[in-house]
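Undergrad: What shape does this take:
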Amino acid sequence: MDVDPRFILWAGIAAASPLAIYLLHWQFFMSANVCKSLELLIGKTILITGANTGLGKQAALECAKRQAKKLILACRNLQRAEEAARDIRKATEFQDGFKTEIVVMKLDLTSLDSVRTFCAQVNEQEPQLDILVNNAGVFRCPYAKTEDGFEMHLGVNHLGHFLLTNLLLNLLKKSAPARIVVVSSFLYKQGAIKFDDMNCDRSYGRLEAYSSSKLANVLFSCELSRRLKGTGVNVYCANPGIVRTNILRYSIPLLVKMLDYVVGMFFQDVTQGVQTILNCIVSKELENESGCYYTDCLKEPIIKSAKDEVLAKKLWEYSEMVTGLAIQREQ
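TA: Below is the predicted model of the structure:
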């Protein structure tokens, strides 16, 4: 029996890297679909976090190609965000005479004060917000804490976006029908919510911390969908798969740099990786769905632990408490 040499290569890497096991699974047991929707985004204002690079930048470009009225690139690095905005304008400058307005705004998800300042500006300046894409994130970073003392994966991937979304909800409801797209990962299935050690003070594993933050994304999406029922705001959780972006900078960096051609063979590029996110943004077929999880542009069943309503409510209450949202509402 002939054996695919790629399988042999990844089997060898898997012995040294737990992440490679998941890459192997993705490469050989899942296929890439594309967004088949031809819907335009005329008249829509779209906010994308982490839009200066990778999937966020590609999502912004795809929205501009579909004639979105306005794009808000919410980024920590303003210089790179301005460069991304210029790239998108250049790529769409000859698009039937239509030009999307692109605005760059400062958002640092490692700081809850930055999130509050950003949301106050958006709520004051924007008459509408039709689509919010919670895309920014960190992946397998060395142990660190945010400005507010949260473990970095938890703080950026979940808590920063939790506060951001809640502070923009009134504007989204006002703009209904509206959508919230939460970018998660298939690694959520390996995660666990440990309320007795949320900031990994007792023990820290890079992949475990990332996976747990992605589980938090799915739980948040499900609970948010329940709370928004009847408001006209739908919630979608998107798994882009394994994509070549700089989010991989902490994962086998030497191997990635030395074997670019191997990386190109196994990882999706951003054009491929953005398809599920784009599908959640534009597809009319999803307009009556909310609180679901999508892989390869298809709905995928959510594992039991991520559908646990008691766990989701407890995580919501914890998130409200530590971000100060509960106190703000009482006031």
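
Undergrad: And the strands in the protein, which stretches?
TA: Assignment of strands within the chain using DSSP state E yields the ranges 45-49, 70-75, 101-106, 131-134, 178-183, 233-239, 292-295, 298-300.

Undergrad: and the first one, which strands flank it?
TA: What it means is strand 45-49. Partners of strand 45-49 in the sheet, by DSSP bridges, are strand 70-75 (parallel), strand 131-134 (parallel).

Undergrad: what sits up against that strand?
TA: Under the criterion C-beta atoms under 8 Å, 6 or more residues apart in numbering, residues 56, 59-60, 63, 68-75, 107, 109, 122, 126, 128-136, 161, 164, 168, 175, 281 lie in contact with strand 45-49. C-beta coordinates here come from the backbone N, C-alpha and C atoms, glycine included.

Undergrad: One more: the last one?
TA: Identification of contacts with strand 298-300 by C-beta under 8 Å, 6+ apart yields 33, 239, 289, 292-294.

Undergrad: Give me the buried subset of these.
TA: Buried members of the contacts of strand 298-300, scored by 16 or more other C-beta atoms under 10 Å, are 239, 292-294.

Undergrad: closest to Pro301 among those?
TA: Proximity of the buried ones among the contacts of strand 298-300 to Pro301 (C-beta to C-beta) peaks at Tyr293, which lies at 7.8 Å.

Undergrad: confidence score at that closest one?
TA: On the pLDDT scale, Tyr293 is placed at 98.

Undergrad: Looking at strand pairing, list the partners for it.
TA: Beta-bridge partners, per DSSP bridges, of Tyr293: Cys237, Glu300.

Undergrad: okay but it is in contact with Ser185, surely?
TA: No. Using C-beta atoms under 8 Å as the test, Tyr293 is too far from Ser185 to be in contact (10.6 Å).

Undergrad: Next, show the common contact partners of the two.
TA: When contacts are counted by C-beta under 8 Å, 6+ apart, Tyr293 and Ser185 are jointly contacted by Asn239.

Undergrad: Before we move on, what's the pLDDT of the closest residue in space to Arg140 that isn't next to it in sequence?
TA: What sits nearest to Arg140 in space, not counting adjacent residues and going by C-beta to C-beta, 6 or more residues apart in numbering, is Arg206, at 4.0 Å. With respect to pLDDT, Arg206 scores 95.

Undergrad: follow-up on the earlier one: return the most buried member of the strands paired with strand 45-49.
TA: The highest mean neighbour count among the strands paired with strand 45-49, using mean count of other C-beta atoms under 10 Å, belongs to strand 131-134: a mean of 28.

Undergrad: For that one, output the C-alpha coordinates as PDB.
TA: C-alpha atoms of strand 131-134 as PDB (Å, rounded to 0.1, in the frame of the first residue of the first chain):
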ATOM      1  CA  ILE A 131     -21.600  43.200  11.800                       C
ATOM      2  CA  LEU A 132     -19.100  42.700  14.600                       C
ATOM      3  CA  VAL A 133     -16.300  40.200  14.000                       C
ATOM      4  CA  ASN A 134     -14.400  39.200  17.100                       C
END
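
Undergrad: got the contact list for it?
TA: Contacts of strand 131-134 (C-beta under 8 Å, 6+ apart): 41, 44-49, 56, 59, 63, 161, 164-165, 168, 172, 178-183, 217, 277, 281.

Undergrad: PyMOL command for the buried members of those residues?
TA: What follows is the PyMOL syntax selecting those of the contacts of strand 131-134 that are buried according to 16+ other C-beta under 10 Å:
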select buried, resi 41+44+45+46+47+48+49+56+59+63+161+164+165+168+172+178+179+180+181+182+183+217+277+281
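
Undergrad: Please tell me how far the longest helix along the chain is from the chain's geometric centre.
TA: Longest helix in the chain by number of residues, with DSSP state H as the criterion: helix 206-227. The chain centroid and the centroid of helix 206-227 are separated by 11 Å under C-alpha atoms, centre = their mean, to the nearest Å.

Undergrad: Buried residues, that helix. List them.
TA: Within helix 206-227, the residues scored as buried using 16+ other C-beta under 10 Å are 206-225.

Undergrad: likewise stretch 198-207?
TA: 198-200, 206-207.

Undergrad: now, among those, which is nearest to Ala326?
TA: Met198 (16.0 Å).

Undergrad: Helices of the stretch 51-200 of the chain, start to end?
TA: Ranges of helices in the stretch 51-200 of the chain, per DSSP state H, counting those that start in this stretch, are 54-65, 78-91, 112-125, 152-153, 161-167, 169-174.

Undergrad: Just list what the last one packs against, helices and strands only.
TA: Helices and strands in packing contact with helix 169-174 are listed as helix 112-125, strand 233-239; criterion 3 or more C-beta pairs under 8 Å, 6 or more residues apart in numbering; DSSP states H and E.
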